[in-house]
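Engineer: Need a 3D model of the sequence below.
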Amino acid sequence: MGLVDTPYVRAVLWDMDGTLMDSQPIWDESFQRRCEALGGTVTPDMVAAIKGASIRRTHEVIASTGATSGPDDPATAQVFATIAADVEASVKANPPLLPGAKEITSAMAEVGLAQVIVTQSPRPIVESVAHALGDVFVELVTGDDVASGKPTPVPYGTAIELLGLSPQECVAVEDSATGAASARSNDVYVIQIGGTKVFPGDPGITVVKNLAAVTPHLLLWAQR
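Structural biologist: Residues are numbered from 1 along each chain as shown. Predicted coordinates for the structure are as follows:
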């Protein structure tokens, strides 16, 4: 597709954890501590399983430790709420923003592009991060707002609908295969942060080394 028939980018859809900030160590520590306090057994695979997971999937992992009787046990929701509260308190006290996060989101706000955070995290945590970044986001799509999370199309589809734009007028910034899958299933171009290209044959993904390598020019012109 050439420049003439490609719509201008009008919005940036940001993943949060691993892209704009790194709160995963906080989640990991609280998950292990809270589950073990209830008699659960936490393995490294279980810790790895909560990375980028939806709220429902995290409930399943909590239950798999034996800390609760099942994902639908009310105690599981309480454990998750306690873990989320731990993360929220830590993020509010000292937001673990990644290098370049404030600079690039501020730059895109100055350019006049709409920005949305699209994440699996609960809304209170997302609001804390948005505030730390200067409240430059027009919408937040959180794990509390959608029935199914990444890699389903729902999170990014919801963001596009809220903006009233076409997928071709948006670009997503992601660090995971699940997030990239969600964005690409909506035909949204993806800038992937770090690692090897998650879908090697997909021309709709550009990989950069880190967030600091994401520039306004890249976001506006990478898909052309």
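
Engineer: Summarise which helices and strands the helix ranked longest in the chain is packed against.
Structural biologist: Counting residues, the longest helix in the chain under DSSP state H turns out to be helix 74-93. The helices and strands touching helix 74-93, judged by 3 or more C-beta pairs under 8 Å, 6 or more residues apart in numbering; DSSP states H and E, are helix 24-37, helix 55-64, helix 123-132. Just so you know, the C-beta spots here come from the backbone N, C-alpha and C atoms, and that holds for glycine as well.

Engineer: hey, C-alpha coordinates of the worst-scoring helix or strand of the chain on mean pLDDT in PDB?
Structural biologist: For the chain, scoring each helix and strand by mean pLDDT, DSSP states H and E identifies helix 216-221 as the least confident one, at a mean of 91. Only the C-alpha atoms of helix 216-221 are listed here, as PDB (Å, rounded to 0.1, in the frame of the first residue of the first chain):
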ATOM      1  CA  PRO A 216       7.300  10.400  16.600                       C
ATOM      2  CA  HIS A 217       8.500   9.800  13.000                       C
ATOM      3  CA  LEU A 218       8.400   6.000  13.500                       C
ATOM      4  CA  LEU A 219       4.900   6.000  14.900                       C
ATOM      5  CA  LEU A 220       3.600   8.300  12.100                       C
ATOM      6  CA  TRP A 221       5.400   6.700   9.200                       C
END
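
Engineer: Out of the helices and strands packed on helix 74-93, the one nearest Leu211 is which?
Structural biologist: Smallest distance to Leu211 across the helices and strands packed on helix 74-93 (C-beta to C-beta): 13.6 Å, for helix 123-132.

Engineer: from the chain's centre, how far out does the helix or strand just after the closest one sit?
Structural biologist: Beyond helix 123-132 on the C-terminal side, the first helix or strand identified by DSSP states H and E is strand 139-141. Here strand 139-141 is found 11 Å from its chain centre; the criterion is C-alpha atoms, centre = their mean, to the nearest Å.

Engineer: Between the two ends of stretch 167-179, how far is it?
Structural biologist: The first residue of stretch 167-179 is 15 Å away from its last residue (C-alpha to C-alpha, to the nearest Å).

Engineer: And the average pLDDT for it is what?
Structural biologist: In this model, stretch 167-179 has a mean pLDDT of 95.

Engineer: contact partners of it?
Structural biologist: Stretch 167-179 has contacts (C-beta atoms under 8 Å, 6 or more residues apart in numbering) with 6-15, 18-19, 51-52, 118, 150-151, 156, 159-160, 163, 180, 183, 186-195, 198-199, 211, 214, 219, 222-223.

Engineer: tell me which residues in stretch 84-100 are buried?
Structural biologist: Ala84, Asp86, Val87, Glu88, Ser90, Val91, Pro95, Pro96, Leu97, Leu98, Gly100 (16 or more other C-beta atoms under 10 Å).
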